[in-house]
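Chemist: Please work out how this folds:
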Amino acid sequence: MILKNKSMKLRIILFLLYSSLSFGQKPLEIVIDSITSIDTLTNIRKFTVNYHIQNTSDKEVKFINCSYPMTNFYPDVNVLKVYSVIVENENYIRLNILEKNLDQMMYLDSLNYAKTDEERGKIIKNRYKIKPIDTLKLKNDIEKRRKINDFDYVKSSIHTFQPKEVRSLTETFYWNKRRYYKVDDLEYYIDEKEPYYLELSMVLYKKDFQYFFPEEEYKKMKDNPNFLEGTILSNKMEINFKE
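Modeler: Alright, predicted model coming up:
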């Protein structure tokens, strides 16, 4: 339920990614097969989403599913990245309702519920006392990846699906059972009486990476209709936001 929407200048990264697919027949499809949920903690609901990605065409297709040019680090190129989209009454909720990282979500919630700056400071300090190894490991991973040649790294991020190939995958999302959201001038309330649906999206890049490839190699990618670019949306499936 949208309560107020005075401005559409939202700073929500997910919806900056949305664009029409550059190919009409959608040779690559995402299909949600099932969604199960369990309340793991008092205020945490875990959703397990089983889905598959299929090359519906009779030709090999390639694509890049890596956000490296838009980030300051080198993500794992071997993992296909999908995003969650919540839909109510055919309208997309332009907020991040679900999270993939449970630990990060709980940490941000604790900061959100802190009443004073002193309390927030203690939470932050305690966070880095508990996870010093994780922070160091992340730094080392970034430094290691930065030593990799950019061209080799980006080229390794190209995924290939053979004709009619199907890959079955599982994604886990978490919801903190929060119902009221406010970002800038947008307010939203998740009504437990209303049905909500999940879609998955996947962004395929090509033009964004043109400066990482030699000119001739990029031209081959650009002229290849089976090197895909755009955003793929899955089917919708109801998701449980009830009490």
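Chemist: Name the residue closest to the centre of the chain, please.
Modeler: Centroid check for the chain by CA atoms, centre = their mean gives Tyr83 as the closest residue, at 2.9 Å.
Chemist: Can you tell me the closest non-neighbouring residue to that residue?
Modeler: What sits nearest to Tyr83 in space, not counting adjacent residues and going by CB to CB, 6 or more residues apart in numbering, is Ser201, at 4.8 Å. C-beta here means a position set from N, CA and C on the backbone, and glycine is covered the same way.
Chemist: Let's see the strand or helix carrying that neighbour as CSV, backbone CA atoms only.
Modeler: Assigned by DSSP states H and E, Ser201 falls within strand 196-204. The C-alpha coordinates for strand 196-204 follow below in CSV (Å, rounded to 0.1, in the frame of the first residue of the first chain):
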residue,chain,number,x,y,z
TYR,A,196,2.1,-9.9,-2.6
TYR,A,197,4.1,-11.5,-5.4
LEU,A,198,7.8,-12.1,-6.0
GLU,A,199,9.6,-11.7,-9.3
LEU,A,200,13.2,-12.4,-9.9
SER,A,201,15.2,-10.2,-12.2
MET,A,202,18.6,-10.6,-13.8
VAL,A,203,20.6,-7.9,-15.6
LEU,A,204,22.7,-8.7,-18.6
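Chemist: from what I can see Glu238 touches Glu199, true?
Modeler: No. Using CB atoms under 8 Å, Glu238 makes no contact with Glu199, being 11.3 Å away.
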